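In: Got a predicted structure here, sequence first:
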Amino acid sequence: MTKNIRFPKITHGDRYFSLMATVAITFTVTCSAFCAAQSVQANEVKSIAGKEKQSKPRVVKIAGTYKVILDAQALAEAKKEGFVSITGQWTISPNGAFAAALKLVKSNGEISNINTAGRVRIINGKVVSQVEILNGEKPTEAIPTQSYTLLSDGITLQADDQPVKLVRTN
């Protein structure tokens with residue numbers, strides 16, 4: 001009988017890392033959505049005014065600091081895994097670079113930090129983020145991009161197909 005090296009048995013640590021990676025990707029997605037929504041809103045205003053021709057959406061419009069918020073279902077799932085607190089912050093600079101920090105606290109007091117860095121772009125009216133650095137190292141495999149939608153309140157980026165949103169704090 002051969003050993004299955006492609007799909008090894010998933011351990012509790014693997015689930016923990018998967019949860020952290022999911023949250024990191026969700027943060028990235030959330031930022032991307034906010035950028036896209038801001039760009040669309042800015043372009044609509046320019047079109048209505050008719051005073052100048054429409055320009056490309058710019059990331060500078062979404063630059064700022066965002067608080068990471070998980071939905072209730074994701075928090076309930078995290079509590080089942082032994083987490084008592086998950087907090088995070090995203091910072092998007094005007095040039096499109098972002099840095100995100102996520103802090104996970106387990107019921108036994110163990111604290112884990114996930115730090116990511118990368119770039120956000122606006123593609124087809126959506127904010128799209130790409131993680132380039134995960135915990136100080138370049139990932140061995142490319143992390144998928146995440147897209148975000150700017151909600152009608154104008155300050156919230158909802159990650160597409162993820163239980164995370166980013167709410168602008170400044």
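Out: Perfect, I can see it now.
In: need the helices for the protein, in chain order.
Out: 12-49, 72-80 (DSSP state H).
In: The ones you listed: lowest mean pLDDT?
Out: Among those, helix 12-49 carries the lowest mean pLDDT, a mean of 48.
In: remind me which residues of the chain are low pLDDT?
Out: Along the chain, segments meeting pLDDT under 70 span 1-57.
In: what's the longest strand along the chain packed up against?
Out: For the chain, the strand that runs over the most residues, judged by DSSP state E, is strand 111-123. Based on contacts counted as 3 or more C-beta pairs under 8 Å, 6 or more residues apart in numbering; DSSP states H and E, the elements that strand 111-123 packs against are helix 12-49, strand 97-106, strand 126-134. Bear in mind the C-beta positions are built from the backbone N, C-alpha and C, glycine included.
In: Direction included, what does that strand pair against?
Out: Strand 111-123 sits in its sheet next to strand 97-106 (antiparallel), strand 126-134 (antiparallel), going by DSSP bridges.
In: Can you tell me which of those is most buried?
Out: strand 126-134 (a mean of 22; mean count of other C-beta atoms under 10 Å).
In: thinking again about what came up before, could the strands paired with strand 111-123 go into TSV alongside distance to R58?
Out: Output for those, formatted as TSV (distance: least, C-beta to C-beta, whole Å):
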stretch	distance to R58
strand 97-106	14
strand 126-134	12
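In: A72 is nearest to which of those strands?
Out: The closest of the strands paired with strand 111-123 to A72 is strand 97-106. By C-beta to C-beta, the value is 17.2 Å.
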